[in-house]
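# task: produce atomic coordinates for the following.
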Amino acid sequence: MTASLFLALAAVLLTGLGGRDQLLVARLSHRLGARPLLLGVGVAVSAISAAGMAWAGARIGGQLSDSAETMLVAIAL
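The predicted model follows:
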């Protein structure tokens, strides 16, 4: 079970590389110049988003059976 969750995490990480959010930050950095505040806001928003997703996943994960968890991991991959 744990191995399948790590595989799903790796798949999501690889598909997220080069996403639109990274292009948006790159364009803002190019237009506004390299500012530490822009980096700080990006890190803060990413941390808040990840915490929200982890909280929601923990709430939903506690309600799923083992077969449902396996099916969702297969769909994610």
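# what sits against S49?
Applying CB atoms under 8 Å, 6 or more residues apart in numbering to S49 gives no contacts. From N, CA and C alone the C-beta is placed, and that goes for glycine too.
# just the element for it, please.
helix 36-61 (DSSP states H and E).
# and that helix, how far from the chain's centre?
Centroid displacement of helix 36-61 relative to its chain, using CA atoms, centre = their mean, to the nearest Å, is 8 Å.
# can you give me the offset of the very next helix or strand once past it from its chain's centre?
Downstream of helix 36-61, the first helix or strand assigned by DSSP H and E is helix 66-76. Relative to its parent chain, helix 66-76 has a centroid offset of 18 Å by CA atoms, centre = their mean.
# CA atoms only: put helix 66-76 into PDB for me.
Extracted as PDB, the C-alpha positions of helix 66-76 are listed here (Å, rounded to 0.1, in the frame of the first residue of the first chain):
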ATOM      1  CA  ASP A  66      -8.200  -1.000   0.700                       C
ATOM      2  CA  SER A  67      -9.600  -1.900  -2.700                       C
ATOM      3  CA  ALA A  68     -10.800   1.700  -3.300                       C
ATOM      4  CA  GLU A  69      -7.400   3.000  -2.400                       C
ATOM      5  CA  THR A  70      -5.700   0.700  -4.800                       C
ATOM      6  CA  MET A  71      -8.200   1.700  -7.600                       C
ATOM      7  CA  LEU A  72      -7.500   5.400  -7.000                       C
ATOM      8  CA  VAL A  73      -3.800   4.900  -7.100                       C
ATOM      9  CA  ALA A  74      -4.100   3.000 -10.400                       C
ATOM     10  CA  ILE A  75      -6.200   5.800 -11.800                       C
ATOM     11  CA  ALA A  76      -3.700   8.400 -10.700                       C
END
